[in-house]
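S.K.: With the input below, show me the fold.
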Amino acid sequence: MARKPNDSGKGTRHTTIREVAERAGVSVATVSRILSGSYPAAPATRSKVMRAVEELDYVANSHARALVGNARKSIAIIVNSVISPHYAHVAQGVETQAAEDNRLCQIGTTGGDAERELAMVQFMREQHPEAVILVGNVAADEAYRARMSRYAHALASIGSRLVLCGRPPLGPDVPAVVVEYDNTGGAFAATSHLLSNGHKRILFLGHRVGYTTAEARIEGYRKALAAHGVPHDPDLEVEGTLERHEGYRMMTERLASGERDFTAVFACNDQIAAGARQAIIERGLNVPEDISMVGFDDLPPAMDIGLTTVYQPHEELGRTAVRLALQHAKHGGPPPHTVLGTHLVVRSSVEPIVSQ
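M.R.: Prediction:
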């Protein structure tokens, strides 16, 4: 009788291929050939085998298969996109550090889809990397956190590590390394800069309820308003994603209403800021003479457009994720949680309001 799957992923005993064969009612050789893709099995046989694999949470031992050669150690990184400047810079940091530590890199993209991210983690686990690094923004509801926590335990059970890079921890008992940057502190500094220049009506572009990055940055925005005694106005918080075209859309729609009830903009990232700036210029207005603006990231095109923004150490984020994952795998103990600092880079996109 095959054992029941360990849904928690906390056990150290792994399902064997023999148990899968027993559950499916076929030979070990048949299971092996079907999983390797080298066997033209009948649909019913293949269906039985794949159902047994799923029920028993079987992970094929790619290291065992590689014993005939020289198996290389690897690091897996999962990002929303490879064309976004933020993700590209973090991924470069991961690649650079992995190369220095003689590891190969695997990369997967999710398009911001939480279900795809969960599936990608499962897929990467089958490759037995030393670490699976998740980067950036995600909609982390209770169901997501519960499933990802199970996957973190499952990775730990095979000697790997889940690394949360640029996002908060999943919980105190989850064996995941955490490397993040001070989103809230950076947003507080950017908003405070606008407030110190006399701006009290500050439009926030890029609010996404439930998404970790946007939630942390809007928290800093709200804290700065409270610290300066400025009333919080929910109508000044505009919902949108973190792409340039969304910045253009949000600002275009706001200006089209005909009522400009703000003097400054805090864009949730520099891509939003660039799109919003384009919309402002197309309306015959200027930054900062008519509308002041700050962003977050300090990535292109921030310097080119003179954008005051929050610098975050993108490549160092990736490098630190790899270093801490390998150190934790080697030495054990409680998983480390590191917060990297941010700072405000002042350029020419903010102009003070002159008292009349």
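S.K.: Ramachandran angles for the residue most central in space within the chain?
M.R.: The C-alpha lying nearest the average C-alpha coordinate of the chain belongs to Gly136 (C-alpha atoms, centre = their mean; 1.8 Å). Note on Gly136: its backbone torsions stand at phi 90, psi -160 [degrees, to the nearest 10].
S.K.: Find me whatever residue is spatially closest to it, sequence neighbours aside.
M.R.: Gly166 (5.1 Å; C-beta to C-beta, 6 or more residues apart in numbering). Every C-beta, even on glycine, is put in place using the N, C-alpha and C of the backbone.
S.K.: Let me see the contact set for the one you found.
M.R.: By C-beta atoms under 8 Å, 6 or more residues apart in numbering, the contact set of Gly166 is Val90, Val135, Gly136, Asn137, Val179, Glu180, Tyr181, Thr213, Leu317.
S.K.: Mind checking what secondary structure the fourth one has?
M.R.: In the three-state summary, Asn137 is assigned as coil, counting by DSSP: H, G, I helix; E, B strand; the rest coil.
S.K.: Phi and psi next, for the closest residue to Ile202 other than its chain neighbours.
M.R.: Once flanking residues are discounted, Ile202 sits nearest to Ala264: 4.8 Å by C-beta to C-beta, 6+ apart. Ala264 adopts backbone torsions of phi -150, psi 160, taken as degrees, to the nearest 10.
S.K.: so what's Ala264 up against?
M.R.: Leu194, Asn197, His199, Arg201, Ile202, Leu203, Ile291, Ser292, Met293, Val294, Val350.
S.K.: Across the sheet, point out what pairs with it.
M.R.: Here Ala264 sits in beta bridges with Ile202, Ser292, as judged by DSSP bridges.
S.K.: all strands of this protein, in order?
M.R.: Applying DSSP state E to the chain gives strands spanning 74-79, 104-109, 131-135, 161-165, 176-181, 202-207, 237-239, 264-267, 292-294, 309-311, 337-340, 343-345.
S.K.: which residues sit against the second one?
M.R.: Counting by C-beta under 8 Å, 6+ apart, strand 104-109 makes contact with 72-82, 91, 94-95, 98-99, 120, 123-124, 127, 129, all of which sit outside it.
S.K.: Could you pick out the buried ones from those residues?
M.R.: Those of the contacts of strand 104-109 that meet the buried threshold are 74-81, 91, 94-95, 98, 120, 124, 129, by 16 or more other C-beta atoms under 10 Å.
S.K.: still on that earlier bit, can you give me every residue that contacts the residue nearest to the centre of the chain?
M.R.: Val79, Asn80, His86, Tyr87, Val90, Cys165, Gly166, Arg167, Thr213.
S.K.: In this structure, where's the longest helix?
M.R.: In the chain, taking DSSP state H as the definition, the longest helix is helix 314-331.
S.K.: pull the CA atoms of that one into CSV?
M.R.: The C-alpha trace of helix 314-331 is given here as CSV (Å, rounded to 0.1, in the frame of the first residue of the first chain):
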residue,chain,number,x,y,z
HIS,A,314,18.2,46.2,-7.5
GLU,A,315,21.3,44.1,-8.4
GLU,A,316,22.4,43.9,-4.7
LEU,A,317,18.9,42.6,-3.9
GLY,A,318,19.6,39.7,-6.3
ARG,A,319,23.1,39.1,-5.2
THR,A,320,22.1,39.1,-1.5
ALA,A,321,19.3,36.6,-2.2
VAL,A,322,21.8,34.1,-3.6
ARG,A,323,24.4,34.6,-0.9
LEU,A,324,21.9,34.2,2.0
ALA,A,325,20.2,31.2,0.4
LEU,A,326,23.5,29.3,0.0
GLN,A,327,24.7,30.3,3.4
HIS,A,328,21.5,29.1,5.1
ALA,A,329,21.5,25.8,3.2
LYS,A,330,25.1,25.2,4.4
HIS,A,331,24.8,26.4,8.0
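S.K.: Can you check the distance spanned by stretch 121-133, start to finish?
M.R.: 9 Å (C-alpha to C-alpha, to the nearest Å).
S.K.: next one: it to chain centre, how far?
M.R.: The chain centre lies 16 Å from the centre of stretch 121-133; the measure is C-alpha atoms, centre = their mean, to the nearest Å.
S.K.: returning to that earlier point: which of the contacts of Gly166 are the two that sit furthest away from each other?
M.R.: Asn137 and Val179 (15.0 Å; C-beta to C-beta).
S.K.: who's more crowded, the two?
M.R.: More neighbours surround Val179 than the other of Asn137 and Val179, with 27 against 23 (other C-beta atoms under 10 Å).
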